[in-house]
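In: sequence and predicted model, in that order:
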Amino acid sequence: LVSEKLSLQRHLFWADIEETRQNTGGADNRPTNFWQARLRLETLWQLGSRDLVWLYEDLPKRSLLADQQVAFSAIIHVLRDIGNLEAEMPQLHALVSGSVELERMLDGVLTPFEESEVGCQIRRNQRHEEKIAKKKQEAKASWIRFREELEADPSMLADPALIANRNRGAVQRWELTRWLRRKTKKGYEEAALQWPLLEEGFSPTVAQAYRNGMKALWRLTSPERPKRKGNRVITKHVTLFAYAGLAIEAGEAPEWAHKLSPAEAERAAQHACLSEQGYPDWFEKLTDRHPATVLPILRQTLRDEWAGRYGGRSEFLSHYGFKAKQIHKAVHSILFEVITGKKPKALNVLDCGREVLVRLKLTDPERRRATALALRRLRAARAAADDEPLWRYFGWLFFLDADRAVHELIEWLDAAPRASRDARTESTVAALFGLSGFATGALATVSVESLEALLRLTDRYVRPEDDSSPDGRDTPDTRDQAERAREVLLKALIDRPGAAAYHAMRAISAAEISKARSVHLGQLTHGKAEHDAELPAWSPTEVLHFERHLIAPAKTGEALLRVVLGVLSDIQNSFRRAD
């Protein structure tokens, strides 16, 4: 488009030459060959025979010798490209007569010379551009041939007799999926779900054949796990396509699982559990319709994930722990059985187990069993002096029996050797109640008495007078996290409504040694009382005043403060804007 508008091309050409001059050090390093601009910039112009008119005009008009050399180099390039250089040599000699530099350039055109590094780079760039253009043309021609082949006979994409074999149909399916992935910039499953886009690039017949073939593929393909070679995980394309085909079929009909035979349901569940492509959206419907077939496969998958087999993947556990809106009743018992079974080796799996326990609606016997298990493992980790699992089992216990967890925690920390007690408390409190703490989410279930005990514990061992001052660190250290945990515990108590929490706050502020902190805690306690109290009643006169003037009475200190701030804001605004 640019090359069709000679005036625009002319202006862009000289603008790029000027930009190249500015980027190469100023007046002393002006470009003397138009290719120097092409080397440094992404140019929009391409010189052709029509540009000779303005190049011949500009050559004598440019006041700078370097610009004349640029124009002359462009003229020589165009003439060489169109095969007229030799015929135009007499005219070129006459054109540059009297200019030593331009005559030297013209003499060098037909004289063999040792190419400079810039010249070599120019040639390399030319060859590279030609190679890219050739590849593009070949790819375009290849896709056109591929489209014609598919439109002539799309049966290989959908014929059940051919679909699972390593034949031309498998190659076609791969190429179409690759086209969809490039079009949508998505993974295999998400790209395959956009199969109607094939109508745009190919034809409706090809799109339908692709869809039908993908839907048939999962029935004809044996489910299998990816292969592992060291750190590499190798997944067959047919496994990915079968998983995507299931997503296509399930997405088209809400009741698709009702139409599956037990054998088909088993194969679908195996594809979901073995392919390691995440938890599929359709798995819950499959479980609802075919529980006797699906649940044994799911149980084995959850056991494998809990045991850390197959690279420590935990898609299904993570789904039930973090994403599931609700957990199927039959899945509930399987999850509880797995999580309260053998101890997992991986800490991230243990974290998934805690999240799953939180989401399960445990019966009283299940809660007692899980609590006893958490206590046993907590004490075993305590005896082994292994902090990471210890903190996690404390997190379990907080969600199962918060007050028991507080008792165990205080007993353990108070029994620690005096030399290491402060450091142990800091690290433990930080792990449990700091940023993303293992027990922060359970504080709503902790009794007021236990919250008060935790606050007294942190004040005793994470003393406010020893707090570190902020130093601009991007990553908080253990002490920072412990200080944050102390504030989290204090906020949990302040946010707890009722007289018991108020009296606990008063007791803590009265016991505080630091005068400044005692005053601060007293203010927080007073604010809590105001927040918990009922709003002051309005008199009939105040109601009438509000109706007539839209001004509410300031019945509390907070309301009065809002009035004062509003007045101050009006004064400040008048200073800025009034005449």
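Out: Right, received. Where do you want to start? Here the structure is a predicted model, which is why all the values come from computation and not from measurement.
In: show me where the stretch 1-150 of the chain has strands.
Out: Secondary structure of the stretch 1-150 of the chain (DSSP state E, counting those that start in this stretch): no strands present.
In: ok, the stretch 201-350 of the chain next?
Out: 227-229, 232-234.
In: can you list the ones you listed in a markdown table and add distance to residue 136?
Out: Using the backbone N, CA and C atoms, a C-beta is placed for each residue, glycine as well. A markdown table is the format used below for the strands of the stretch 201-350 of the chain (distance: least, CB to CB, whole Å):
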| stretch | distance to residue 136 |
| --- | --- |
| strand 227-229 | 35 |
| strand 232-234 | 31 |
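In: got JSON lines for the ones you listed, with mean pLDDT, mean neighbour count and distance to residue 130 too?
Out: Output for those, formatted as JSON lines (pLDDT from 0 to 100; neighbours: other CB atoms under 10 Å; distance: least, CB to CB, whole Å):
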{"stretch": "strand 227-229", "mean pLDDT": "87", "mean neighbour count": "9", "distance to residue 130": "40"}
{"stretch": "strand 232-234", "mean pLDDT": "88", "mean neighbour count": "10", "distance to residue 130": "37"}
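In: and residue 189, which of these is closest to it?
Out: In terms of CB to CB, the element of the strands of the stretch 201-350 of the chain nearest to residue 189 is strand 232-234, at 16.8 Å.
In: would you mind confirming that residue 319 makes contact with residue 279?
Out: Yes: judged on CB atoms under 8 Å, residue 319 makes contact with residue 279 at a distance of 3.8 Å.
In: coming back round to it: so which of the strands of the stretch 201-350 of the chain is nearest residue 135?
Out: Of these, nearest to residue 135 by CB to CB is strand 232-234, at 28.2 Å.
In: how near is the closest residue to residue 186 other than its chain neighbours to residue 185?
Out: Sequence neighbours aside, residue 194 is the residue nearest to residue 186 in space, at 7.3 Å (criterion: CB to CB, 6 or more residues apart in numbering). According to CB to CB, to the nearest Å, residue 194 and residue 185 sit 11 Å apart.
In: and these two? Which one has more around it.
Out: More crowded of residue 194 and residue 185, by other CB atoms under 10 Å: residue 194, with 14 against 8.
In: any idea how far apart the tips of stretch 195-212 sit?
Out: 10 Å (CA to CA, to the nearest Å).
In: do stretch 460-479 as well
Out: 14 Å.
In: what is the mean pLDDT for it?
Out: Stretch 460-479 carries an average pLDDT of 72.
In: same deal with stretch 128-135?
Out: 87.
In: how about stretch 295-308?
Out: pLDDT averaged over stretch 295-308 gives 93.
In: starting at the chain centroid, how far to that stretch?
Out: Relative to its chain's centre, stretch 295-308 lies at 27 Å (CA atoms, centre = their mean, to the nearest Å).
In: would you mark the buried spots in it?
Out: Buried residues in stretch 295-308, counted by 16 or more other CB atoms under 10 Å: 295, 297-299, 301-302, 304-307.
In: with stretch 74-84 instead?
Out: Buried residues in stretch 74-84 (16+ other CB under 10 Å): 74-79.
In: re the thing from before, doesn't residue 182 make contact with the residue nearest to residue 186?
Out: No: with contacts counted by CB under 8 Å, residue 194 stays clear of residue 182, the gap being 11.5 Å.
In: find the centremost residue of the protein, please.
Out: In the chain, the residue lying closest to the centroid (CA atoms, centre = their mean) is residue 186, at 13.6 Å.
In: returning to that earlier point: residue 526: which of the buried residues of stretch 295-308 is nearest?
Out: Closest to residue 526, out of all of these and judged by CB to CB, is residue 306, at 50.2 Å.
In: which residues does that closest one contact?
Out: Neighbouring residues of residue 306 by CB atoms under 8 Å, 6 or more residues apart in numbering: 317, 338-339, 341-342, 344, 349, 353.
In: TSV for those residues, including pLDDT?
Out: Output for those, formatted as TSV (pLDDT from 0 to 100):
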residue	pLDDT
317	92
338	93
339	93
341	91
342	91
344	90
349	90
353	90
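In: and the residues you listed, which are buried?
Out: Neighbour counting with 16+ other CB under 10 Å marks 317, 338-339, 344, 349, 353 as buried within the contacts of residue 306.
In: point out where the stretch 351-500 of the chain drops to low pLDDT.
Out: 469-475 (pLDDT under 70).
In: need the helices for it, in chain order.
Out: 364-383, 387-400, 402-414, 418-433, 448-461, 478-495, 499-511 (DSSP state H, counting those that start in this stretch).
In: closest one to residue 85 among those?
Out: Short answer: helix 478-495, nearest of the helices of the stretch 351-500 of the chain by CB to CB, at 74.0 Å.
In: any idea of the angle the closest one forms with helix 418-433?
Out: 60 degrees (axes from the mean of the first three to the mean of the last three CA atoms, to 10 degrees).
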